[in-house]
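# sequence first, predicted coordinates after that:
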Amino acid sequence: MATARIKAGICGFNTIVTAQMNGDACELTIESECPDVERMAQELAQVDPFQEITFRRGGPRTLQVAARTCKHPACPVPSGIIKAIEVATGLALPADACIELSRE
């Protein structure tokens, strides 16, 4: 099982993603303060982890759903969901990812 705690940025919304393998599928639990992410969660209860890690065969379902439900294309939550899937399935090691922004 893997957990991702995602602080989306200036919107102030926080999301917690839990990913766990169940047979060939990865089951997701997504809890968010963001209504757009909550809509994504309704469609992403279970995913094929091998579809999530490639742009082949139509690309990650997570990104397809995000394109329909999330108003902000720079939202880091879809990437965080995919990272949790990778870790839960053993396709990546757990390591923090970070985007630091500043105005010069």
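Cool, the structure landed. Numbering: from 1, shown residues only.
# quick check, pLDDT for the residue in the chain sticking out farthest from the centre.
Using Cα atoms, centre = their mean, the residue of the chain lying farthest from its centre is E104. It sits 29.9 Å away. pLDDT recorded at E104 is 88.
# next one: stretch 67-74 to chain centre, how far?
12 Å (Cα atoms, centre = their mean, to the nearest Å).
# and H72, which of the three is it?
Recorded secondary structure, H72: coil (DSSP: H, G, I helix; E, B strand; the rest coil).
# change the start of the numbering to 12 and stick with it
That works, and once the first residue is 12, the last one we named lands at H83.
# do a quick rundown of the strands in this protein.
13-18, 25-33, 36-43, 57-58 (DSSP state E).
# got the contact list for the most centrally placed residue in the chain?
Taking Cα atoms, centre = their mean, the centroid of the chain lies closest to I92, which sits 1.5 Å from it. Applying Cβ atoms under 8 Å, 6 or more residues apart in numbering to I92 gives the contacts A15, V28, A30, L39, I41, M51, L55, T73. Every residue, glycine included, has its C-beta placed from N, CA and C.
# over to I17?
Applying Cβ under 8 Å, 6+ apart to I17 gives the contacts N25, T26, I27, V28, P87, V88, G91.
# is it in a bridge, and if so with what?
Judged by DSSP bridges, the bridge partners of I17 are T26.
# please report how far it lies from F66.
22 Å (Cβ to Cβ, to the nearest Å).
# just P105 next, same as before
Using Cβ to Cβ, we find P105 at a distance of 23 Å from F66.
# between the two, which one's more packed in?
P105 (12 against 8; other Cβ atoms under 10 Å).
# tell me the pLDDT of the more buried one.
According to the prediction, P105 has pLDDT 95.
# what do you get for K82?
pLDDT recorded at K82 is 91.
# also the one 3 residues further on?
Model confidence at A85, expressed as pLDDT, equals 94.
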